[in-house]
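A.B. asks: Next one to model:
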Amino acid sequence: MGVVAVTADHQSAATAPEPAPFAAAPVAAVAAVLAAVLTALSPRYGFHRDELYFLAAGHHPAWGYTDQPPLTPLIARAAATLFGESPAGIRTAATLFAAASVVTVAAIARELRGGRSAQILAALTTATSGFVVGIGHLLSTATFDLLAWLVITLLVLRLLRTGNTRWWLAIGAATGLALENKYLVLLLLAALLPSLAILGP
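C.D. replies: Have a look, this model is predicted:
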């Protein structure tokens, strides 16, 4: 029903005004400053116990573990291989995810008809959020989970704006990847899909 509603709205979505241009340069600058701060602070406090667990699990790849899917341990292993098995090394991945979250929130603001100022404000408030800074400082399932929820939200908004049902494929791919990290994303789907089915765009 939700697919039908979105398809039926395709014509009106196609005639809707395009959102403002993406404020790429200032948004990228905000993300870069956040990345620089997190990188400077990443060697502090040593390994978190969860990071040690992810490193150990990453050395024994599996399709899943007793308490979680496999993605975060694989990310920890890849980061350790590329940047060194140290707090600063594996936290490089967390820094990149946090910076990507800043850019994604700005893109969400754009989809919601936010202009240049709104996009920059969205990026700034995200980059200075205690939660974003906190999970950007250490590698955890929450670090990738935040980005995954934001990306899925962005894709759903793009689907609703354009009425192009091909965005469902991207939503499905993003959700599948998110499920390889944490099952909590099912709560997002439990809110979004019935809402689309009942209310449509």
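A.B. asks: Can you tell me the centre-most residue of this structure?
C.D. replies: Nearest residue to the geometric centre of the chain (CA atoms, centre = their mean): Leu147, 1.4 Å.
A.B. asks: How about the contacts made by it?
C.D. replies: Phe97, Ala100, Ser101, Thr104 (CB atoms under 8 Å, 6 or more residues apart in numbering). In short, each C-beta sits where N, CA and C put it, glycine included.
A.B. asks: neighbours around the last one, how many?
C.D. replies: This points to Thr104. Using other CB atoms under 10 Å, Thr104 is surrounded by 23 other residues.
A.B. asks: Dihedrals phi and psi, the closest residue to it other than its chain neighbours?
C.D. replies: Counting by CB to CB, 6 or more residues apart in numbering, Thr104 lies nearest to Leu150, which is 4.3 Å off, once chain neighbours are set aside. Main-chain dihedrals, Leu150, degrees, to the nearest 10: phi -70, psi -40.
A.B. asks: my guess is Leu150 meets Val102, correct?
C.D. replies: No. Counting by CB atoms under 8 Å, Leu150 sits too far from Val102 to count as a contact (9.6 Å).
A.B. asks: sorry, back to before: how much space between the residue nearest to the centre of the chain and Ser101?
C.D. replies: As judged by CB to CB, to the nearest Å, Leu147 and Ser101 stand 5 Å apart.
A.B. asks: give me the element the residue nearest to the centre of the chain is part of.
C.D. replies: helix 141-162 (DSSP states H and E).
A.B. asks: measure Ala57 to Gly163 for me?
C.D. replies: For Ala57, the distance to Gly163 - CB to CB - is 42 Å.
A.B. asks: Next SSE downstream of the helix ranked longest in the chain?
C.D. replies: Scanning the chain for the helix with the most residues, using DSSP state H, yields helix 87-111. Once helix 87-111 ends, the next helix or strand along the chain (criterion: DSSP H and E) is helix 116-127.
A.B. asks: Quick one: list the elements packing against that next one.
C.D. replies: With contacts taken as 3 or more CB pairs under 8 Å, 6 or more residues apart in numbering; DSSP states H and E, helix 116-127 sits against helix 24-41, helix 87-111.
A.B. asks: tell me which residues of the last one are tucked away?
C.D. replies: Applying a neighbour-count criterion of 16 or more other CB atoms under 10 Å, the buried positions in helix 87-111 are 87, 89-111.
A.B. asks: average model confidence for that helix?
C.D. replies: Helix 87-111 carries an average pLDDT of 96.
A.B. asks: again with stretch 20-32
C.D. replies: Stretch 20-32 shows a mean pLDDT of 96.
A.B. asks: So what's the gap between it and the chain middle?
C.D. replies: Averaging C-alpha positions (CA atoms, centre = their mean, to the nearest Å) puts stretch 20-32 16 Å from its chain's average.
A.B. asks: Quick check: buried residues in it?
C.D. replies: Under the neighbour-count rule (16+ other CB under 10 Å), stretch 20-32 has Ala23, Val27, Ala28, Val30, Ala31 buried.
A.B. asks: same question, stretch 148-164
C.D. replies: So, applying 16+ other CB under 10 Å, buried residues of stretch 148-164: 148-163.
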